[in-house]
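Visitor: When you get a sec, could you give me coordinates for this:
(one chain, ligands or ions: 1)
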Amino acid sequence: MNDVLVVAAALVDDLDDPRLLLAARRATPASLAGRWEFPGGKVEPGETPELALHREIREELGVRVGLGVELLGPDAGAWRLAEGYVMRVWFAEVLDGVPEPLVEHDELRWLPDGQWLDVPWLDADVPIVEALERFVAAFPSRTGPS
Ligand SMILES: Nc1nc2c([nH]c(=O)n2[C@H]2C[C@H](O)[C@@H](COP(=O)(O)OP(=O)(O)OP(=O)(O)O)O2)c(=O)[nH]1
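Guide: The predicted structure follows:
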């Protein structure tokens, strides 16, 4: 069986100089409630991953975003979440609106640099946040569109 593809945004305050990272706290389902994640969701049949990501961010946060570079993971470019689930992650910044926890989340938090790991992320997200920190430390001005 093919893996289910989840897409997510590492939303930062400024793609040219990222300092703040947006974390979203899950309100549902009960098994994930209270843990923090990247906003996003599953790609639907017939959608491209990028279009799915724009749709999910509009639905979940009510904002329009611009995508930067993809943070490539170890599993053919993706990050394994669990058996049968992989996730692709893009840097992004808000173009229009102020993010609000509209569905699925009950709190949003902009984490300052140096404190990106300071909330209880979903287990599978921890190595992704660590990789984001390494990427930004190595290429501070290269998260924008390539
Ligand atoms: N959105 C998101 N999901 C994540 C992250 N990390 C992680 O393990 N997951 C898991 C949780 C879920 O089991 C799955 C994504 O499901 P979802 O509930 O966000 O997807 P969706 O918005 O399409 O929701 P649904 O229509 O299936 O209810 O991936 C993450 O950082 N962001």
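Visitor: This protein against the ligand: which residues are in contact?
Guide: Residues of the chain lying near the ligand by CB under 6 Å from any ligand atom: 6, 8, 32, 37-38, 40-42, 56, 81, 85, 87, 122, 124-125. To be clear about C-beta, it is placed using only N, CA and C from the backbone, and glycine gets the same treatment.
Visitor: Now the closest residue to the ligand within the chain: which helix or strand?
Guide: Taking CB to the nearest ligand atom, the ligand has its nearest neighbour within the chain at residue 41, 2.5 Å off. Using DSSP states H and E, residue 41 falls within strand 40-42.
Visitor: Identify the spatial nearest neighbour of residue 78, chain neighbours not counted.
Guide: residue 86 (4.0 Å; CB to CB, 6 or more residues apart in numbering).
Visitor: looking at it, that neighbour is touching residue 2, isn't it?
Guide: No - here residue 86 lies out of contact with residue 2, judged by CB atoms under 8 Å, at a distance of 9.6 Å.
Visitor: rewinding a little: beta-bridge partners for the residue nearest to residue 78, please?
Guide: residue 5, residue 80 (DSSP bridges).
Visitor: Ok, residue 40 next?
Guide: Going by DSSP bridges, residue 40 forms beta bridges with residue 8.
Visitor: what's near enough to touch it?
Guide: Residue 40 sits next to 6, 7, 8, 9, 53, 56, 57, 60, 87, 89 when contact means CB atoms under 8 Å, 6 or more residues apart in numbering.
Visitor: again, 7 Å this time
Guide: 6, 7, 8, 9, 53, 56 (CB atoms under 7 Å, 6 or more residues apart in numbering).
Visitor: before we move on, what about residue 68?
Guide: Per CB under 7 Å, 6+ apart, neighbours of residue 68: 15, 90, 91, 92, 143, 144, 145.
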